[in-house]
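Asks: sequence and predicted model, in that order:
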Amino acid sequence: MKTFLNIAVLLLLTISVIGCGGDAPVPPQTGDSEMVNFEINVYAGDPDGKKSRIGTLPGDDYFEEPQTQYERMRTLRIIVVRPNGEIEHNEYLYRSIPEAGLGEYHNIRLKVAGGETKQVYVFANEASMFTDGAGSPAYDFNKLTIGSTFPTDEINSLKLSCGAGEPLIDNTGSDKHYLPMTESYSIDIRTPQADGTDLYQSANLFITRATVKFGFFITPVAAPVEPYTIEEFEIQSLGNCEYLLPIDAEYVPAKYPVYFADRYITKYTVPEGSVNKPYSFKPNITVTPETTVGSTIAYAPALYFPETKLASDSKFYIRMRLSGDREYSGMVPLPNLPSLPRNTYVKINIALGLADVDFTVDIMPYAAVPLNPQFGFDELLPRPPVNPGEVPPWVEFP
């Protein structure tokens, strides 16, 4: 049996649904003349993009509703720290967030001292911030009381981890976990004036999912003579440890000025000692002579991994194993997948035909730009690449 494979790898960031909040924070006890009414809105994006896209890429309706809700914000914590390290606010919000989760949370209103640069920490779904695969959260944020000193070095060094060669979160069974999300910001708060001006300020902050997800979409382009089964997809290799917060991260678009927009990470740091090992996905998908040619078979398990960084001269590889009248196994590098940062969805499209094995790799970020109804993604981000293996010009990695 000869097989043709055409693989496209996409780094997809996600787009938004709008929610609003109602938990009522308690302001600190300071003279009102020195205070600013600070309103925070948080943007996580919505992984169920088919609800809010105008145009779609082929096969992009890969999320299922039971999985999607765990990729949204279910709880949210905002910690505001003054320049001297004093914790000014530590607000935990959950009552106003539905079980289905939110892609955006609006109107978090806090009274803060004016004329200062605040450090603002944003954490979502902290109950799923696991360490060492133990199933217990990495940190108890409730112990950070107002007026106490924020442990900056300790928080920056917190890690999420799992066993080598294992997912960080496995939502394929009955035990489900919302994905951890984090970010931190430096925000200059204006100085309130005696004439009553500069008393209000707002910030639209994005929050970043701390996980990586894979999906495989198989399209037979010719009917096989004999049935065969796709037994395994193996990704080489995935890490087992990451920092809780993005460390040394660089974003496109840039992190500052802060505003709602999807961003992807181009540079980042992982902890020393993170172990990279292969992970094998077991799709067990059978293709027969009766399989409809041109139909797409989706395999997108709810498995989530830490971000991974390889040595400078290393590459990610994918291996596929088929079984039928005989077993076939092939492995190829993914040359334009130079890194695997958090908040990444890696989508692999596989076309199966009756020809020699061939691989082409295409990588595209997804940005939440508004699309006019008269055109869609096929026009904005044309596929496939003009030349096999060509990296599209709209993606640039260092």
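Replies: Received the coordinates, thanks.

Asks: okay, which residue is most central for this protein?
Replies: residue 343 (1.9 Å; Cα atoms, centre = their mean).

Asks: how close does that residue get to residue 271?
Replies: Distance of residue 343 to residue 271, computed by Cβ to Cβ, to the nearest Å: 18 Å. Placement of C-beta: from N, CA and C, glycine included.

Asks: and if you look at residue 213?
Replies: 21 Å.

Asks: please apply the same query to residue 99.
Replies: For residue 99, the distance to residue 271 (Cβ to Cβ) stands at 33 Å.

Asks: of those two, who's got more company?
Replies: Taking neighbours as other Cβ atoms under 10 Å, residue 99 and residue 271 compare with residue 271 leading, 18 against 7.

Asks: correct me, but that one touches residue 242?
Replies: Yes: Residue 271 is within contact range of residue 242, at 7.0 Å (criterion: Cβ atoms under 8 Å).

Asks: what is in contact with these two at once?
Replies: residue 159 (Cβ atoms under 8 Å, 6 or more residues apart in numbering).

Asks: next secondary structure after whichever helix in the chain runs longest?
Replies: Assignment by DSSP state H gives helix 152-157 as the longest helix of the chain. Downstream of helix 152-157, the first helix or strand assigned by DSSP states H and E is strand 159-161.

Asks: tell me which strands that following strand pairs with, and in which orientation.
Replies: Next to strand 159-161 in the sheet, as set by DSSP bridges, lie strand 241-243 (antiparallel).

Asks: one step back: what's the longest helix of the chain packed up against?
Replies: Helices and strands touching helix 152-157, by 3 or more Cβ pairs under 8 Å, 6 or more residues apart in numbering; DSSP states H and E: there are none.

Asks: would you mark the buried spots in that helix?
Replies: residue 155 (16 or more other Cβ atoms under 10 Å).

Asks: same thing with stretch 118-125?
Replies: By 16+ other Cβ under 10 Å, the buried positions in stretch 118-125 come out as 118-125.

Asks: what does stretch 205-221 give?
Replies: Residues of stretch 205-221 classed as buried under the neighbour-count rule (16+ other Cβ under 10 Å) are 205-220.

Asks: residue 43: which of these is nearest?
Replies: residue 206 (4.6 Å; Cβ to Cβ).

Asks: so what's that closest one bridging to?
Replies: Note on residue 206: beta-bridge partners by DSSP bridges are residue 43.

Asks: surely it meets residue 263?
Replies: Yes: between residue 206 and residue 263 there is a contact under Cβ under 8 Å: 6.4 Å.

Asks: on that earlier part again, contact partners of the longest helix of the chain?
Replies: With Cβ under 8 Å, 6+ apart, helix 152-157 has contacts from 81, 85, 119, 121, 139, 243-245, 247.
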